[in-house]
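Chemist: Provided below for reference: sequence and predicted model.
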Amino acid sequence: MKTVCCSILGFGAIGQGVAEVLLMKKEYLESIGLEVKVVAVVDSKGATVNPKGVDLADCLVRKRRDRTVALENISGVEVIQSVAHDLVIETTPTNILTGGAGMQNMFAAFKTGKDVITSNKGPLTLKYKELMEAAKAAGSHFRFEATVGGSMPIINLVNEVLAGNKVKSIKGILNGTCNYILTRMLEERASYNDILAESMQLGIAETNPTYDVEGIDTACKLVILANAIFGLDATYNDVEVTGITKVTPEALEMAYEKGHVIKLIGEVSRERIHVAPRLVPINHPLAVGGTLNVASVETELAGEITVTGKGAGPIETASAILSDLIAIYGN
Ligand SMILES: NC(=O)C1=CN([C@@H]2O[C@H](COP(=O)(O)OP(=O)(O)OC[C@H]3O[C@@H](n4cnc5c(N)ncnc54)[C@H](O)[C@@H]3O)[C@@H](O)[C@H]2O)C=CC1
Ligand SMILES: N[C@@H](CC=O)C(=O)O
Ligand code: NA
């Protein structure tokens, strides 16, 4: 049995989803020869640390009851530097101005030779190249399937399953919250503000939900695809960004009467990276609803390949993190 010691940095919707999935998948992981031992769980107020393994079920109970897991006043970087472990699971909030705690955590992890799996888009949007170089110099694994499309496979799908294909463009819906809002505004005439509040409760919206509705989150995901799949050196400033805040119920209804839905569509190619609300025919493969994401990948050898799946949500996103973990340590 191989033991993988890891920390979970950020214990909100996704960090808790990871804890739940590790508990749910304990026996399965053992059946493939992996014991995953979480030695630290960190949130904004501090951490629970135990080199012998923290009690994840207890962390979940305390987080929900006390709103924190903090038993000691120690930060993510301090945990990385002082607690022996192999893997950092980084799920702190996305911040596209500074990269936030995630930026420091990831560089500190590579500096100490640890592997990183993350759902955090900020650092990858701002310093993709530097992070890759730091991971390479440290000989560390760095995987981030959860950053784009949540559970929907896209980065690993293209780079691993479709290896050898040249990708011409990727186009689709990459934000579950906007898709949820647009779907429910049309189907139930629910109010924009109510659905946004519900999205926050469901754990699908960003910590700062303006990132969702202003198109910023989609733009970050396009930058990650541009870098990870197209090999560009793109940053946020390379994206033309329009969100959904000006889409009215009347516009949605008028479009529907003419056989269309309005969707927040992101598109990346070597020539252009952009996101904006667009009209999509009702029966088109990109016309998926609810929290679904969808991506049509135009490839050189295989033509168009379209994938869809839940783009947000704690357990769904943790599914992508689990697959990255197994990709690193399985076999
Ligand atoms: N919610 C979703 O469906 C998805 C979220 N993501 C990304 O995953 C990350 C986490 O998202 P959520 O869990 O939804 O956010 P959240 O707001 O629910 O949780 C963030 C957590 O990070 C903690 N935190 C804040 N500052 C910290 C610091 N300096 N050190 C340690 N912990 C700190 C908070 O206490 C909280 O526990 C974000 O980067 C987000 O963009 C990616 C895919 C899907
Ligand atoms: N807030 C994001 C979460 C996943 O990245 C979304 O709604 O898609
Ligand atoms: Na994904």
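Modeler: Right, received. Where do you want to start? Numbers count the residues shown, from 1 in each chain. Ligands and ions are numbered 1, 2, ... in the order given.
Chemist: Report whether Leu60 is found in a helix, as I expect.
Modeler: Yes: assigned with DSSP: H, G, I helix; E, B strand; the rest coil, Leu60 falls within a helix.
Chemist: any idea how far it lies from Pro314?
Modeler: The gap separating Leu60 from Pro314 is 11 Å, by Cβ to Cβ, to the nearest Å. All C-beta spots, glycine's among them, are computed from the backbone N, C-alpha and C.
Chemist: Looking at those two, which has the bigger crowd around it?
Modeler: Counted by other Cβ atoms under 10 Å, Leu60 and Pro314 do not tie: Pro314 has more neighbours, with 22 against 18.
Chemist: related to what we said a few turns ago, now for Leu60 and Pro314: what residues contact both?
Modeler: Gln16, Glu20 (Cβ atoms under 8 Å, 6 or more residues apart in numbering).
Chemist: ok, Ala84 touching Cys5?
Modeler: Yes: at 6.8 Å, Ala84 counts as touching Cys5 under the criterion of Cβ atoms under 8 Å.
Chemist: Those two: who's more crowded?
Modeler: Cys5 (19 against 9).
Chemist: Can you pull the phi/psi pair for the closest residue to the more buried one other than its chain neighbours?
Modeler: Among residues not flanking Cys5 along the chain, His85 sits closest, at 3.9 Å (Cβ to Cβ, 6 or more residues apart in numbering). Backbone torsions for His85, taken as degrees, to the nearest 10, come to phi -160, psi 170.
Chemist: burial measure for His85, as a count.
Modeler: If you count neighbours by other Cβ under 10 Å, His85 ends up with 20.
Chemist: Over to Lys263?
Modeler: Count around Lys263 with other Cβ under 10 Å applied: 26.
Chemist: Identify the residues contacting it.
Modeler: Contacts of Lys263 (Cβ under 8 Å, 6+ apart): Ile173, Asn179, Leu182, Pro277, Arg278, Val280, Leu286, Ala287.
Chemist: For the residue in the stretch 1-150 of the chain that ligand 1 sits nearest to, what are phi and psi?
Modeler: As assessed by Cβ to the nearest ligand atom, ligand 1 sits closest to Gly12 within the stretch 1-150 of the chain, at 1.7 Å. When read as degrees, to the nearest 10, the backbone of Gly12 gives phi -90, psi -140.
Chemist: What distance do you get for it to Met200?
Modeler: From Gly12 over to Met200 the distance is 11 Å, taken as Cβ to Cβ.
Chemist: My read is that the residue of the stretch 1-150 of the chain closest to ligand 1 contacts Gly203, right?
Modeler: Yes: Gly12 is within contact range of Gly203, at 7.4 Å (criterion: Cβ under 8 Å).
Chemist: The chain - how does it break down into domains?
Modeler: What the TED database lists as the domains of the chain is 1-149+312-328, 157-308.
Chemist: for those domains, which one ends up most surrounded?
Modeler: domain 1-149+312-328 (a mean of 20; mean count of other Cβ atoms under 10 Å).
Chemist: First-to-last residue distance for that domain?
Modeler: Chord length of domain 1-149+312-328, first to last residue, is 15 Å (Cα to Cα, to the nearest Å).
Chemist: can you pull the contacts of Val42?
Modeler: Neighbouring residues of Val42 by Cβ under 8 Å, 6+ apart: Ser7, Ile8, Leu9, Gly10, Phe11, Val69, Ile74, Ser75, Gly76, Val79.
Chemist: show me the contacts for Ser119.
Modeler: Neighbouring residues of Ser119 by Cβ under 8 Å, 6+ apart: Ile14, Glu90, Thr91, Phe144, Ala146, Thr147, Thr317, Ala320, Ile321.
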